[in-house]
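*Asks:* 3D model of this:
(chains A, B, C and D)
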Protein chains: 2
Amino acid sequence: MAKAITLKDVAREAGVHISTASRALNEETRSGLSAETADRVIATAERLGYQPHPLARGLRTNRTRSVGMVVPDLISPFIPPILAGAQHTLSEVGYSLLIGSDDESSPRTRPAVETFLERRVDGLIVANAHLEFTPPDAVQRREVPTVLVSRCVADGSFPAIVGDDQAALSLVVRHLVELGHTRIAHVAGPLDISTGLFRRDGFINALAEEGLAASDCRVFEAGSFHSEDGHAACSRLLDSGDGYTAIVAANDLLALGCIDAIQERGLSVPRDLSVTGYDDIALVDRLDPALTTISLPYEEMGVVAGRLLLDLLASDVETVETPHEPKRLAPTLFVRSSTGSVGST
Amino acid sequence: MAKAITLKDVAREAGVHISTASRALNEETRSGLSAETADRVIATAERLGYQPHPLARGLRTNRTRSVGMVVPDLISPFIPPILAGAQHTLSEVGYSLLIGSDDESSPRTRPAVETFLERRVDGLIVANAHLEFTPPDAVQRREVPTVLVSRCVADGSFPAIVGDDQAALSLVVRHLVELGHTRIAHVAGPLDISTGLFRRDGFINALAEEGLAASDCRVFEAGSFHSEDGHAACSRLLDSGDGYTAIVAANDLLALGCIDAIQERGLSVPRDLSVTGYDDIALVDRLDPALTTISLPYEEMGVVAGRLLLDLLASDVETVETPHEPKRLAPTLFVRSSTGSVGST
DNA sequence: CTGAAAGCGCTAACAA
DNA sequence: TTGTTAGCGCTTTCAG
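*Replies:* Numbering: from 1, shown residues only, chains lettered A, B, ... in the order given. Below is the predicted model of the structure:
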């Protein structure tokens, strides 16, 4: 390293004591200084190209100005935009974002949250929470401010930014009802995470809203959010012989799996069955049939999560507050060609 | 914080001096200790749940065990897998990954590399390099080990992991030639980054390899890698009236833009023109026509980049080496329905 | 208003 | 083999 400029250098050059230099360079403590010396120090710091050493500062202040974000993986298409939103928001105010993934598949790696705590991050953004999220003690005790994103936790013990699944499913079901569907099935995602559970519940509530007979409709659980499980669930659905005319899938990949299963039986979407997705991942608008689906503002989700975390970081509350109602961002329904009128056969 | 355990605590508890404790806990320095004391210290550290403070350690050692990765954005579909590969590789050996994006669109944010340097990262992974990559001095002088990924730099001044564009374009052109095409156009990406330039050059070389008349073929530059620019370039191509029967696009999005432009004129893919892509992004295999395209092992690219950086970090060479030949990972051609025999009209 | 001094938690000479 | 000591660069009391 080309001899980094240190505070001591600035102080010497400005002809003041190092502590004075420190005060001058620090917003909060500058007040108690003569404007003259403060300016002089600031000027010389500028001139020398002084950069405070983050480790030294952090060691003193016990803050790293970094936050860790845990994602389930980086392949799920809605994760990167969340990441991008959070990263931009945080970097604008000088925070760095550490990224870690907790894929349950490789248990040999230390849980990302623990690694982050060890690193002394100032806060956490958790995008892979299960409904029963049981973080390490330090997080539990709110020593490290934490916000959830994309998924929330059952008891509302952490603030969360999620999509409004109820609103989304209402949009979807209403759309199908308007097309004349009355026998609608739901292919649900994993029910141990909020996105899976809330979409299923949203589906059931929406049926009631629309006055559909719950007995005419049914939920088929897929073990995951991947297309193969959508295919499997849809196969069971078709085998049931219950005569559904529409399928509401818990995400786009499940929907694609459903479409595959339907077409493999020589049936047609949407002629024989309408299918809807959720997430509006890239290119589903160009498929044949183009997928009718729900779009969520994922990047904004990241932005809002970042802002919320910054608020927590600033207010520095350690009180165990009342349960948090998740902040739900509004969905948009995109109607495309995978849904059609019932009986347009 | 619930009074974190410090090295001093461990030392006191184990009945040794703090420096002895330090040595015992440090692989390298443990050798000069009696096995007995070393074990005792290690045991008590374990028992107390001691975690070394990374800032304190870093302040002394001048190493943060963190690396920064700069991406052009997080939306381009091939970026997340690279990120994932790098992150896994690094975290396995205790390094943390900081993520920063440098979208040219928002110049108000500080360049990510500078932010990283300020943070004293031990190394850098740069995924957004232009051909003329001119990093800050500290990077230039190799004080901070740096590897490029996805894109390389013109003069080979940095090690890089990229896709083998030449091999890829050879595969594509040969495939088209085998289908009988002789008039092939290339829709090129930006030529100021290696992926754009090398694919164009690869295309031109492949023409020669296959014995095609360069005069029968031509390159149309798209201003970016996005579909709208592919559409625009393809429109020019079609307007040229040169009777091309195949289009090799520099990436999938450009290819999709081309297909749009072709279909808008009432022409058909692949009947009237064959179109190929590059990247094999999600769902292009399900489009109609399904896109014939090149697949690159992006996650592996991240892994290899991470490993290479770890090597540099370990060897700690500051010598300005001879130019680096980029490490090129092998492509795979997926033949789908967007390409067909010429004259199958 | 400014200087002196202590110390965050750790590592690395240097002694013993 | 272990202890002593001196900082890494910064913030923050406490004096003056």
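*Asks:* the longest helix along chain A: how far from the chain's middle?
*Replies:* Scanning chain A for the helix with the most residues, using DSSP state H, yields helix A:298-315. On the basis of C-alpha atoms, centre = their mean, to the nearest Å, helix A:298-315 sits 11 Å off its chain's mean C-alpha point.
*Asks:* tell me if it is near chain B.
*Replies:* No - using C-beta under 8 Å from any C-beta of the partner chain, we find that helix A:298-315 stays clear of chain B, coming within 8.7 Å at best. C-beta: built from backbone N, CA, C; applies to glycine.
*Asks:* show me what that helix packs onto, helices and strands only.
*Replies:* In terms of contacts (3 or more C-beta pairs under 8 Å, 6 or more residues apart in numbering or on different chains; DSSP states H and E), helix A:298-315 is packed against helix A:79-91, strand A:123-126, strand A:146-149, strand A:160-163, strand A:327-329.
*Asks:* what residues sit buried inside the helix or strand that the second one is followed by?
*Replies:* When you say that, I think you mean strand A:123-126. Using DSSP states H and E, the helix or strand that follows strand A:123-126 towards the C-terminus is helix A:137-140. Neighbour-count burial for helix A:137-140, counted by 16 or more other C-beta atoms under 10 Å in any protein chain shown, picks out A:138, A:139.
*Asks:* hmm, back to that, out of the helices and strands packed on helix A:298-315, which gets nearest to residue A:14?
*Replies:* Of all the helices and strands packed on helix A:298-315, helix A:79-91 sits nearest to residue A:14, with 30.0 Å by C-beta to C-beta.
*Asks:* now do the closest one: which elements does it pack against?
*Replies:* Going by 3+ C-beta pairs under 8 Å, 6+ apart, helix A:79-91 lies up against strand A:66-71, strand A:96-101, helix A:298-315, helix B:79-91, strand B:96-101.
*Asks:* save those as a markdown table, and put in mean pLDDT and distance to DNA strand D too.
*Replies:* Formatted as a markdown table, the helices and strands packed on helix A:79-91 follow (pLDDT from 0 to 100; distance: least, C-beta to the nearest atom of the strand, whole Å):
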| stretch | mean pLDDT | distance to DNA strand D |
| --- | --- | --- |
| strand A:66-71 | 97 | 16 |
| strand A:96-101 | 97 | 17 |
| helix A:298-315 | 96 | 15 |
| helix B:79-91 | 97 | 24 |
| strand B:96-101 | 97 | 20 |
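*Asks:* pick the most buried one from these.
*Replies:* Each of the helices and strands packed on helix A:79-91 was scored by mean neighbour count; the highest is strand A:66-71, a mean of 26, by mean count of other C-beta atoms under 10 Å in any protein chain shown.
*Asks:* now do it against helix A:79-91, angle only.
*Replies:* 170 degrees (axes from the mean of the first three to the mean of the last three C-alpha atoms, to 10 degrees).
*Asks:* and the contacts of strand A:66-71?
*Replies:* If you take C-beta atoms under 8 Å, 6 or more residues apart in numbering or on different chains as the criterion, strand A:66-71 is touched by A:79, A:82-83, A:86, A:90, A:95-102, A:112-113, A:115-116, A:119, A:121-128, A:309, B:98, B:119.
*Asks:* hmm, residue A:231 is touching residue A:259, no?
*Replies:* No - the pair residue A:231 / residue A:259 is not scored as a contact, 9.0 Å apart, by C-beta atoms under 8 Å.
*Asks:* neighbour count winner among those two?
*Replies:* Each of residue A:231 and residue A:259 has its neighbours counted (other C-beta atoms under 10 Å in any protein chain shown); residue A:259 has more, 29 against 21.
*Asks:* and that one, how far from chain B?
*Replies:* 9 Å (C-beta to the nearest C-beta, to the nearest Å).
*Asks:* A strand includes that residue, no?
*Replies:* No - assessed with DSSP: H, G, I helix; E, B strand; the rest coil, residue A:259 is helix; it does not lie in a strand.
*Asks:* for it, give its distance to residue B:282.
*Replies:* Separation of residue A:259 from residue B:282 (C-beta to C-beta, to the nearest Å): 15 Å.
*Asks:* ok, residue A:218 next?
*Replies:* Applying C-beta to C-beta to residue A:218 and residue B:282 gives a distance of 30 Å.
*Asks:* give me the angle between the longest helix of chain A and strand A:66-71.
*Replies:* Going by the same axes, to 10 degrees, helix A:298-315 makes 140 degrees with strand A:66-71.
*Asks:* picking that back up, dump the helices and strands packed on helix A:298-315 to TSV, plus distance to residue A:51.
*Replies:* Output for the helices and strands packed on helix A:298-315, formatted as TSV (distance: least, C-beta to C-beta, whole Å):
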stretch	distance to residue A:51
helix A:79-91	16
strand A:123-126	23
strand A:146-149	30
strand A:160-163	33
strand A:327-329	36
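*Asks:* was I right to think residue A:338 contacts residue A:252?
*Replies:* No - using C-beta under 8 Å, residue A:338 is not in contact with residue A:252, being 10.4 Å away.
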